[in-house]
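Asks: mind looking at a prediction? Sequence and model below.
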Amino acid sequence: MNTRPKKPNRKLLLWPLAGIAIGALAAVNPFYRPPLPFYVGVVAWCVDMVLVLVLAANPVGTRAAVLIAGLFEAIPCFVWAPSLLRALLMCISFMPLAIAAAAVLFPENISFRARLYFLCTWGFTREVKRRAYTFDGLSLIRLIAATAIFAVCFALAEKITANGVWLLAQCAAFGIAILAVAEMGTACDKLVTGLMGLTTPALMQSPYLSHSVNEFWNTRWNPAASVLFRSLCFKPLARHGAAVATFAAFFASGIAHALLVFMAIGDWGYSLANGAFFCVQPVFIMIERRMKIKLWPPAARRAWTISVLAITSPLFVAPALQVVGRGWGRYGYATLPDVLASTVAVLSFVVFIAVLPSLASLVSCPEHRPSKVALELTPTP
């Protein structure tokens with residue numbers, strides 16, 4: 001199967017942008033605001049995914065698929081549920097939109113499987129291939145440990161009153177909880193892909209091990225988003241200089257995250273603070289390039305990275321705590337059931353975003369299944 005057709009026409013990106021615009025208009029419309037039960041939001045996501053898969057399988061229906069997926073993006077805004085669940089639903093609602101967008105980029109004489117492969121390989125910038133089936137026991141242990149760390153640090157962050165010096169303690173606790181979620185994603189992805197006999201692009205790569213701010217954002221924290229913003233913002237502006245292109249990419253990311261927070265809690269103050277967190281990151285990337293951080297000892301490089309993230313973390317932590325805490329109505333006083341419910345919700349989200357892309361990769365991968373079955377209790381390569 002030819003999985004690398006000609007390069008996509010960038011003008012076709014106007015269709016996904018049109019879909020997002022339709023969703024935004026639906027979210028802020030003055031005619032319909034009644035809340036929907038959470039299960040309705042979940043059912044709507046399933047309907048959205050089915051419609052996109054059916055329409056995107058036919059080149060004629062790809063444009064309709066991307067517009068429908070964009071419209072369904074507005075549904076989480078009307079869901080009556082804790083803001084954490086609403087935010088997680090918003091995150092997974094981007095999956096049908098991504099599938100539809102990948103389908104519309106190659107609309108002519110290209111099979112749906114090839115278009116799905118384009119999506120799974122992040123625009124052919126990564127590789128998906130078959131390998132021996134494995135059970136990575138160490139990844140399972142890491143998943144359990146990271147989940148426990150998240151629960152403990154999350155509970156501490158919610159219990160701490162953010163006044164004076166305690167604000168630093170709260171930021172530290174919640175920052176560790178966020179890194180624990182990233183480690184949950186790293187371990188879960190390795191575990192799931194091993195069981196499916198696949199090598200796929202990693203959604204997270206242990207961000208806490210980063211040796212620079214640039215490495216943190218470019219290769220370890222959500223590298224799929226890095227590929228997206230590099231393609232849409234960095235490369236088109238690179239001719240004006242790396243600094244301009246870098247600031248543009250992070251500015252676009254800041255806008256996207258600010259809108260996501262606003263959709264979750266409806267507060268522009270916290271939303272803009274969240275966006276500002278991403279907008280200041282390129283400043284430190286430029287600084288570390290001037291300081292030639294690559295020549296530093298590994299321990300010093302890691303200390304620099306953690307320090308930068310810690311200094312800027314209040315811009316991210318305060319909105320994130322609002323996203324989590326507002327749904328309970330007891331902000332700052334989370335009970336044990338609250339913590340357990342949030343931990344289960346986050347773990348379910350992590351497993352879901354690991355399984356669904358792996359299933360898509362399994363369908364789209366052109367190679368034959370391996371005949372050898374290997375059971376390992378050691379880390380996979």
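Replies: Here it is on my side, so go on.
Asks: over to the residue nearest to the spatial centre of the chain: give its phi and psi.
Replies: The centroid of the chain falls nearest to residue 222 when counting by Cα atoms, centre = their mean (5.7 Å). Backbone torsions of residue 222, given as degrees, to the nearest 10, read phi 40, psi 60.
Asks: could you list the low-pLDDT ranges of this structure?
Replies: By pLDDT under 70, the weakly predicted segments of the chain are 1-10, 106-110, 162-164, 325-334, 367-381.
Asks: 50 instead?
Replies: The chain contains residues with pLDDT under 50 at 1-3, 5, 327-332, 368-381.
Asks: which elements pack onto the lengthiest helix in it?
Replies: Counting by DSSP state H, the longest helix found in the chain is helix 166-196. Applying 3 or more Cβ pairs under 8 Å, 6 or more residues apart in numbering; DSSP states H and E, one finds that helix 166-196 contacts helix 137-159, helix 298-325, helix 336-364. Quick note: C-beta positions are derived from backbone N, CA and C, even for glycine.
Asks: dump these into CSV; add mean neighbour count and distance to residue 130 as well.
Replies: Shown next, in CSV, are the helices and strands packed on helix 166-196 (neighbours: other Cβ atoms under 10 Å; distance: least, Cβ to Cβ, whole Å):
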stretch, mean neighbour count, distance to residue 130
helix 137-159, 19, 19
helix 298-325, 18, 34
helix 336-364, 18, 9
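Asks: minimum distance to residue 251: which of these has it?
Replies: With Cβ to Cβ as the measure, helix 298-325 is the member of these nearest residue 251 (14.4 Å).
Asks: how close does the closest residue to residue 95 other than its chain neighbours get to residue 234?
Replies: Closest residue to residue 95 apart from its sequence neighbours, by Cβ to Cβ, 6 or more residues apart in numbering: residue 356 at 6.5 Å. Separation of residue 356 from residue 234 (Cβ to Cβ, to the nearest Å) stands at 27 Å.
Asks: could you do residue 130 as well?
Replies: Per Cβ to Cβ, residue 130 is found 32 Å from residue 234.
Asks: okay, those two: which has more neighbours?
Replies: Higher neighbour count among residue 130 and residue 234: residue 234, with 20 against 17, using other Cβ atoms under 10 Å.
Asks: isn't the more buried one right up against residue 245?
Replies: Yes - using Cβ atoms under 8 Å, residue 234 makes contact with residue 245 at a distance of 4.4 Å.
Asks: now do the shared contacts for the two.
Replies: Counting by Cβ atoms under 8 Å, 6 or more residues apart in numbering, no residue touches both residue 234 and residue 245.
Asks: once you drop chain neighbours, what's closest to residue 34?
Replies: Closest residue to residue 34 apart from its sequence neighbours, by Cβ to Cβ, 6+ apart: residue 78 at 7.1 Å.
Asks: how close does the one you found get to residue 266?
Replies: In this view, residue 78 and residue 266 are 12 Å apart by Cβ to Cβ.
Asks: cool, residue 288 as well?
Replies: Distance from residue 288 to residue 266, counting by Cβ to Cβ: 36 Å.
Asks: ok, back up a step: out of the helices and strands packed on helix 166-196, nearest to residue 38?
Replies: helix 336-364 (10.8 Å).
Asks: what helices or strands is the closest one leaning on?
Replies: helix 83-92, helix 112-120, helix 137-159, helix 166-196, strand 198-199.
Asks: and with 10 Å instead?
Replies: Applying 3 or more Cβ pairs under 10 Å, 6 or more residues apart in numbering; DSSP states H and E, we find helix 336-364 packed against helix 83-92, helix 94-105, helix 112-120, strand 129-130, helix 137-159, helix 166-196, strand 198-199, helix 298-325.
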